[in-house]
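Undergrad: based on what follows, work out the 3D shape:
(one chain, ligands or ions: 1)
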Amino acid sequence: MAQQEDVFKKIVSHCKEYGFVFPSSDIYDGLGAVYDYGQNGVELKNNIKQYWWQSMVLLHENIVGIDAAIFMHPTTWKASGHVDAFNDPLIDNRDSKKRYRADVLIEDQLAKYEDKIQKEIEKAQKRFGDAFDEAQFRATNARVLENQEKFDALHKRYQEVMNAEGGIDLEGMKQIILDEGIVCPISGTRNWTDVRQFNLMFKTEMGSTADGASTIYLRPETAQGIFVNYLNVQKTGRMKLPFGIAQIGKAFRNEIVARQFIFRMREFEQMEMQFFIKPGTELDWFAKWKETRMKWHQNLGFGAENYRFHDHDKLAHYANAATDIEFHMPFGFKEVEGIHSRTNFDLSQHAKYSGKKIEYFDPETNESYTPYVIETSIGVDRMFLSIMCHSYEEQQLPDGQTRTVLHLPAALAPVKLAVFPLTKKDGMPEKAQEIINDLRFHFNCKYEEKDQIGKRYRRMDTIGCPYCVTVDQQTLEDNTVTLRDRDTMEQRRVAIGDLRGIIEDKVSITSLLKKLL
Ligand code: ATP
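TA: The predicted model follows:
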């Protein structure tokens, strides 16, 4: 674990050192859980967004996009339930003065029991080899059974307090924390305050006070911008059910515990798609979207073993099915995306609060109804973090040296091709510029002439540039260059005229999209 934390720290400093992510307002020592994307980060982020957008809007004839405003009429948040119920249960440790989410403390405790069971299984697997029967081992091993019992008991209590009548049972939550002997990781004590509710929405004022300013909120999710535009899009686009509306945009949450870099931010970006369907078909569509979204993730080639579904124990009052797609980060499996079957809750609430009829007339059955919704909701920043974590490597080379390399999927890499003149003489810089001038319309290229070639390669490895080209004496004679591959470090001689053909397909988002079909 300590080693994993070390790796994570290195990734965070790598992000800063190489222009991916900076603390916000860095010269003023930063702002808690707010970050800026630098010259390389913004390119990677834009590529992630394009991959998502195109997979939704280009690959589905029945999905269209919108871009709604961040500010919305305040009643939106009354209707959606965010004013009354978008709360996290928080608890403070009196000794360390640190604040935690009470639900997260309990979930971490559950994960500890699961970890213990997993460790026993792994040990036994090693001991018994092929003859190992996991089901039998789980049913008979005393240590596994003991931990499973503890897990089940805690799980049951946790579900009860989270789903208590009238909202979360805060006293019950504190009692669980005390009974389980959960300690503050900083002070190591059990000196906890009571659990309190905390609303996560940021408030501000619109208009001057003299005008009778009204309190408005920074949107905590992009989804409501889609719901309030359902009728506009359905009517103007003459959309037939089932159809989807996709949106990418900023969201804001005043998170209580904002740690782990860009995993939990106070200002972040979401990519959400609401898929409107006929009531009664939601579980089929839920299954379909689970599969589609998992495929989108796994298509990046990070290995299926690094993803899992985590079905929700605690369903929001409006949802009838919900799951998370979790990715194996250096700090464990963590949610990157949520897929929710939200019934007709949001549209019905907006109909009720606005007094407008929000329904769909089904020409096939001649009836009107409020559509149901399947939502897929993914955080751009968490996706960015998962890609960084998986791509970062400190590689031991055969000659004893190490190199730091980002094995980014080529289609997402900020820079696709770096072009180097071997020396700054004999027309080599001009030739290198000529190559760039030709290729820059097709993908992102970078010119570098400083330092030895080896150093330039290493610099490009640190930002995950998949290809480097060197212009040398021979280039001037026969128009060939050396093309170096980031991952294999192999170099081969190719004709300048062939460069585009070799590189373009591999670095385009289209190449990723084609694999999805
Ligand atoms: P968590 O349980 O981690 O707080 P959530 O279940 O509240 O997340 P959703 O409301 O389902 O998250 O939001 C959908 C997606 O938005 C998440 O899967 C995540 O990728 C992203 N997201 C949510 N909150 C944040 C945040 N504070 N910082 C960065 N990304 C976030």
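Undergrad: spit out the contact partners of the closest residue to the ligand within the chain.
TA: Nearest to the ligand, among the residues of the chain, is Gly379, at 2.5 Å (CB to the nearest ligand atom). Yep, even glycine has a C-beta here, placed from its N, CA and C like the rest. Residues in contact with Gly379 (CB atoms under 8 Å, 6 or more residues apart in numbering) are Phe268, Glu269, Gln270, Met271, Val336, Glu337.
Undergrad: Arg264 too?
TA: Ala33, Glu255, Val257, Ala258.
Undergrad: please report phi then psi for it.
TA: Main-chain torsions, Arg264, degrees, to the nearest 10: phi -130, psi 100.
Undergrad: touching stretch 360-374 from outside, list them.
TA: With CB under 8 Å, 6+ apart as the criterion, stretch 360-374 contacts 230, 234, 240-241, 274-282, 285-286, 289, 339-344, 346-348, 351, 358-359.
Undergrad: give me the buried subset of the residues you listed.
TA: Buried members of the contacts of stretch 360-374, counted by 16 or more other CB atoms under 10 Å: 230, 234, 241, 274-278, 282, 285-286, 289, 339-344, 346-347, 351, 358-359.
Undergrad: the residues you listed in helices, which ones?
TA: Mapping the buried ones among the contacts of stretch 360-374 onto helices (DSSP state H) picks out Tyr230, Gln234, Glu282, Trp285, Phe286, Trp289, Asp346, Leu347, Ala351.
Undergrad: my read is that the third one contacts Thr343, right?
TA: Yes. Counting by CB atoms under 8 Å, Thr343 is a contact partner of Glu282 at 7.1 Å.
Undergrad: shared neighbours of those two, which are they?
TA: With CB under 8 Å, 6+ apart, Glu282 and Thr343 have common neighbours Asn320, Tyr372.
Undergrad: show me which residues of the chain are close to the ligand?
TA: The chain comes close to the ligand at residues 221, 253, 255, 264-265, 268, 270, 335-338, 377-379, 381-382, as judged by CB under 6 Å from any ligand atom.
Undergrad: which positions within the worst-scoring helix or strand of the chain on mean pLDDT qualify as buried?
TA: The helix or strand of the chain with the poorest confidence is helix 82-85; it has a mean of 86 (mean pLDDT, DSSP states H and E). Judged by neighbour count using 16+ other CB under 10 Å, the buried positions of helix 82-85 are His82, Val83.
Undergrad: I'd like the next helix or strand past it.
TA: Towards the C-terminus, the helix or strand next in line after helix 82-85, according to DSSP states H and E, is strand 87-92.
Undergrad: ok, the helix or strand following that following strand: who's next to it in the sheet?
TA: With elements assigned by DSSP H and E, the helix or strand that comes after strand 87-92 is strand 99-101. Strand 99-101 pairs in its sheet with strand 87-92 (antiparallel), by DSSP bridges.
Undergrad: quick check: pLDDT value at Thr209.
TA: Thr209 is assigned a pLDDT of 63 by the prediction.
Undergrad: can you give me the end-to-end span of stretch 494-503?
TA: 12 Å (CA to CA, to the nearest Å).
Undergrad: over to stretch 203-221?
TA: With CA to CA as the measure, stretch 203-221 spans 14 Å from end to end.
Undergrad: got it, and stretch 401-409?
TA: First residue to last in stretch 401-409 (CA to CA) measures 24 Å.
Undergrad: what are the buried residues along it?
TA: Val405, Leu406, His407, Leu408, Pro409.
Undergrad: go on, stretch 320-332?
TA: Ala321, Ala322, Thr323, Asp324, Ile325, Glu326, Phe327, His328, Met329, Pro330, Phe331.
Undergrad: now do stretch 238-254
TA: Quick answer for stretch 238-254 (16+ other CB under 10 Å): 239, 241-249, 251-254.
Undergrad: try stretch 151-163
TA: Phe151, Leu154, Arg157, Tyr158, Val161, Met162.
Undergrad: pLDDT check: weakest of those?
TA: Among the buried residues of stretch 151-163, Met162 carries the weakest pLDDT, at 85.
Undergrad: stretch 491-511: end-to-end distance?
TA: 23 Å.
Undergrad: so Arg308 is in which element?
TA: According to DSSP H and E, Arg308 maps onto strand 307-311.
Undergrad: what's that strand in contact with?
TA: Counting by CB under 8 Å, 6+ apart, 290, 294, 297-298, 322-328, 333, 335 sit against strand 307-311.
Undergrad: low-confidence ranges, the chain, go.
TA: Across the chain, the ranges flagged by pLDDT under 70 are 1-2, 208-213, 314, 317.
Undergrad: how does it divide into domains?
TA: 41-70+218-394, 87-199, 397-516 (automatic domain parsing).
Undergrad: of all the ones you listed, which one is nearest Gly207?
TA: domain 41-70+218-394 (15.6 Å; CB to CB).
Undergrad: quick one, helices of the stretch 1-150 of the chain?
TA: With helices called from DSSP state H, counting those that start in this stretch, the stretch 1-150 of the chain shows them at 2-17, 41-53, 75-79, 82-85, 102-128, 134-140, 142-162.
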